[in-house]
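A.B. asks: let's see this in three dimensions:
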Amino acid sequence: MTDIAQVAAAQVSPDVTVEDLAEQTFADFGVSEEITSALAAKGIEHPFPIQALTLPVALTGADIIGQAKTGTGKTLGFGIPLLQRVTGPEEDGFTGEAAGRSPQALVVVPTRELAKQVADDFLVASANRNISIVTIYGGKDFDPQIASLKAGADVVVGTPGRLLDLYGRRVLKLDAVRTVVLDEADEMLDLGFLPDVERIIAAVPPVRQTMLFSATMPGAVITMARRYMSKPTHIRTQDPDDQGTTAKNVKQFVYRAHSMDKSELVARALQAEGRGKTIIFARTKRTADRLAEELVDRGFEARPLHGDLNQQARERALKQFREGGGVDILVATDVAARGIDIDDVTHVFNYQCPDDEKTYIHRIGRTGRAGRTGVAITLVDWDDMPKWRLVNKALDLDFDEPAETYSSSPHLFTDLGIPEGTKGRLRRRKPAAGEDSSGDRRERGERKPARGGSRRAGSDRRSASSRSAGDAPKGEATKSGDRDTEAPRRSRTRRRTRSGKPSGHTARAERGDAPAAE
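C.D. replies: Numbers count the residues shown, from 1 in each chain. As a prediction, this is how the structure comes out:
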């Protein structure tokens, strides 16, 4: 049991020991049988420390400020009390379809990906109840979301912009909301959503339960909490052995690397022993695209993830990454990767130095989640050393002078467990019988079509056409490939001119004289 659990045990009850907390189930905290059985069906029986701290307070309806790192299980910490307070249609006297039911609970999150993940966790916990959960976020058509709200929604999970939009259209009704949750409040502050969040809170009834969760507590978030919450209980989980505010179960490496060698270095590091799902953070969308394309060329299964991709492409990449559908590397920008909650990410790369300590915490927080261990590798250019030293000092890390590292440096192989002799390109599989070098299976005797615009292919087509036309009788059309070609026309003779007049050689040729000796 971790030291976090000891803190949790001490705050839940002075008489509760660490061993007791390890053996406690959700039912011991007063969670309903419907929810506990739904969680047990998914193998979730014992609460995480943040859940053990949150549930006794939240189930009473009190306001809560929860401070914990990402990946510690806080979604169920606020999700279980929220779902337990929601009443289904039959409990409210509705019969048949519950069309027009106004939401009883509202969860505001900073990103689309986090909205989907929170809603998915709610669906798991409420599997045994007749509760409608609707997800609202931008990048999708309005019509399906409007239809879902009109059909009746008990819980709405959404991003601030789309929530306000639908509220302004009078489609989203907030007059019956009894529970409000603000998740990842510090990230909403970073993205400039706090004014929108305050407008949403002002639209819900004043008598309600409000729960705010955040990894850090900037001044603006604290001010908002004081303005809109009633005597909140501040719950904070912290591991005394953490380095600053970074997780101790994430092994961190920082290298000073040359920009021209980074892609080769990363490609070799991706072949480290035990490397599983990996997220590589890039500063710009262009860098994410370029690096993902280069890794694919080197034989890796990589996909970019950034704001220029449409929502469908982003969801497809995340689904393939989460479910192991042929993608095990995401090359992402910071905004696109906010809210990615995937427990089994083993490695995180900072391909470029993070701008500040909060960005660093956010990035490496994608690994080492839910009690697992992870590896975080940061590559710092020479020009970024002043910026890195500020991050290092703010987090009280021990990497003030990162070791100068190249893709061939022995300590890189030793630190990360890279097999000796590894190069930055995976060996390509030999094509099986009936496949060409690209892996496409073709029927025997079928030729791979030439690329359009090829000079050689065009020359071959012209030669074949000429031969076919030459063999045909004059005046008849012949077929060459898919085109009809007429009989060859009489050859034309180019005439040389000098100052607009026929040259001597051309004039002699027209008269039939033999050319003069040169």
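
A.B. asks: confirm residue 274 sits in a helix?
C.D. replies: No. Secondary structure assignment (DSSP: H, G, I helix; E, B strand; the rest coil) places residue 274 in coil, not in a helix.

A.B. asks: next, count neighbours for it.
C.D. replies: By other Cβ atoms under 10 Å, 10 other residues sit near residue 274. Where C-beta positions appear, they are placed from N, C-alpha and C, glycine not excepted.

A.B. asks: just checking, it touches residue 417?
C.D. replies: Yes. Assessed by Cβ atoms under 8 Å, residue 274 is found in contact with residue 417 at 6.8 Å.

A.B. asks: low-confidence bits of the stretch 151-300 of the chain, can you list those?
C.D. replies: Applying pLDDT under 70 to the stretch 151-300 of the chain picks out residues 238-247.

A.B. asks: just the stretch 1-150 of the chain next, same as before
C.D. replies: 1-22, 70-71, 90-100.

A.B. asks: just the strands in it please.
C.D. replies: 64-67, 105-108, 133-136 (DSSP state E, counting those that start in this stretch).

A.B. asks: single out the most deeply packed of those.
C.D. replies: Greatest average neighbour count among the strands of the stretch 1-150 of the chain goes to strand 105-108 (a mean of 26), per mean count of other Cβ atoms under 10 Å.

A.B. asks: what does it rub up against?
C.D. replies: 78, 82-83, 85-86, 118, 154-160, 163, 174, 177-183, 188, 197, 200, 204 (Cβ atoms under 8 Å, 6 or more residues apart in numbering).

A.B. asks: quick one: strands adjacent to it?
C.D. replies: strand 155-158 (parallel), strand 179-182 (parallel) (DSSP bridges).

A.B. asks: what about residue 278, helix or strand, and which?
C.D. replies: Using DSSP states H and E, residue 278 sits within strand 277-281.

A.B. asks: can you show me the strands along the stretch 301-450 of the chain?
C.D. replies: Using DSSP E, counting those that start in this stretch, strands in the stretch 301-450 of the chain cover 302-305, 329-332, 345-350, 374-380, 403-404.

A.B. asks: which one of the ones you listed lies closest to residue 315?
C.D. replies: strand 302-305 (10.3 Å; Cβ to Cβ).

A.B. asks: which elements pack onto that closest one?
C.D. replies: In terms of contacts (3 or more Cβ pairs under 8 Å, 6 or more residues apart in numbering; DSSP states H and E), strand 302-305 is packed against helix 285-297, helix 311-323, strand 329-332.

A.B. asks: which of those is buried the deepest?
C.D. replies: Of the helices and strands packed on strand 302-305, the one with the most neighbours on average (mean count of other Cβ under 10 Å) is strand 329-332, at a mean of 27.

A.B. asks: name the helices or strands packed onto that strand?
C.D. replies: Packed next to strand 329-332, using 3+ Cβ pairs under 8 Å, 6+ apart, are strand 277-281, helix 285-297, strand 302-305, helix 311-323.

A.B. asks: rebuild those as TSV, extending it with distance to residue 112.
C.D. replies: Output for these, formatted as TSV (distance: least, Cβ to Cβ, whole Å):
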stretch	distance to residue 112
strand 277-281	17
helix 285-297	16
strand 302-305	12
helix 311-323	7
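
A.B. asks: nearest to residue 25, of these?
C.D. replies: With Cβ to Cβ as the criterion, residue 25 lies closest to helix 311-323 of the helices and strands packed on strand 329-332, at 27.3 Å.

A.B. asks: other residues contacting that closest one?
C.D. replies: 112-113, 116, 138-140, 277, 303-305, 309, 325-328, 330, 336, 340, 342.

A.B. asks: 6 Å instead?
C.D. replies: 139, 140, 303, 305, 326, 327, 330, 342 (Cβ atoms under 6 Å, 6 or more residues apart in numbering).

A.B. asks: returning to that earlier point: to residue 382, which of the helices and strands packed on strand 302-305 lies closest?
C.D. replies: Across the helices and strands packed on strand 302-305, residue 382 has its closest neighbour in helix 285-297 (17.4 Å, Cβ to Cβ).

A.B. asks: which stretches of the stretch 101-250 of the chain form helices?
C.D. replies: 112-125, 142-150, 160-168, 185-190, 194-203, 219-228 (DSSP state H, counting those that start in this stretch).

A.B. asks: turn the helices and strands packed on strand 302-305 into CSV, including distance to residue 67.
C.D. replies: Shown next, in CSV, are those (distance: least, Cβ to Cβ, whole Å):
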stretch, distance to residue 67
helix 285-297, 31
helix 311-323, 27
strand 329-332, 25
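
A.B. asks: which of the ones you listed sits closest to residue 352?
C.D. replies: helix 285-297 (7.0 Å).

A.B. asks: about what we covered before: quick one: closest of the helices and strands packed on strand 329-332 to residue 65.
C.D. replies: strand 277-281 (28.6 Å).

A.B. asks: any figure for the gap between the closest residue to residue 23 other than its chain neighbours and residue 248?
C.D. replies: Excluding the flanking residues, the one nearest residue 23 by Cβ to Cβ, 6 or more residues apart in numbering is residue 46, at 7.6 Å. Distance from residue 46 to residue 248, counting by Cβ to Cβ, to the nearest Å: 21 Å.

A.B. asks: just residue 229 next, same as before
C.D. replies: 31 Å.

A.B. asks: which one of the two has more residues nearby?
C.D. replies: Counted by other Cβ under 10 Å, residue 229 and residue 248 do not tie: residue 229 has more neighbours, with 21 against 15.

A.B. asks: for the more buried one, which non-adjacent residue is closest in space?
C.D. replies: residue 63 (4.5 Å).

A.B. asks: residue 164 too?
C.D. replies: residue 196 (5.6 Å).

A.B. asks: now do residue 187
C.D. replies: Per Cβ to Cβ, 6+ apart, closest to residue 187 is residue 110, 4.4 Å.

A.B. asks: quick one: neighbours of that neighbour, just the number.
C.D. replies: Neighbourhood size, residue 110 [other Cβ under 10 Å]: 24.

A.B. asks: next: residue 209.
C.D. replies: With other Cβ under 10 Å as criterion, residue 209 counts 22.

A.B. asks: could you verify my assumption that residue 424 touches residue 268?
C.D. replies: Yes. With contact defined as Cβ atoms under 6 Å, residue 424 and residue 268 form a contacting pair (5.1 Å).

A.B. asks: for residue 191, what are its contacts?
C.D. replies: With contact taken as Cβ under 6 Å, 6+ apart, residue 191 is in contact with residue 110.

A.B. asks: and residue 372, what's its pLDDT?
C.D. replies: Looking at residue 372, its pLDDT is 83.

A.B. asks: got the phi and psi for the nearest residue to it once chain neighbours are set aside?
C.D. replies: Computed as Cβ to Cβ, 6+ apart, the closest residue to residue 372 that is not its neighbour in sequence is residue 343, at 6.4 Å. For residue 343, the backbone dihedrals (degrees, to the nearest 10) come out as phi -70, psi -30.

A.B. asks: so what pLDDT did residue 343 get?
C.D. replies: In this model, residue 343 is scored at 79, pLDDT.

A.B. asks: if we can go back for a sec, quick one: which of the helices of the stretch 101-250 of the chain is nearest residue 297?
C.D. replies: helix 112-125 (27.0 Å).
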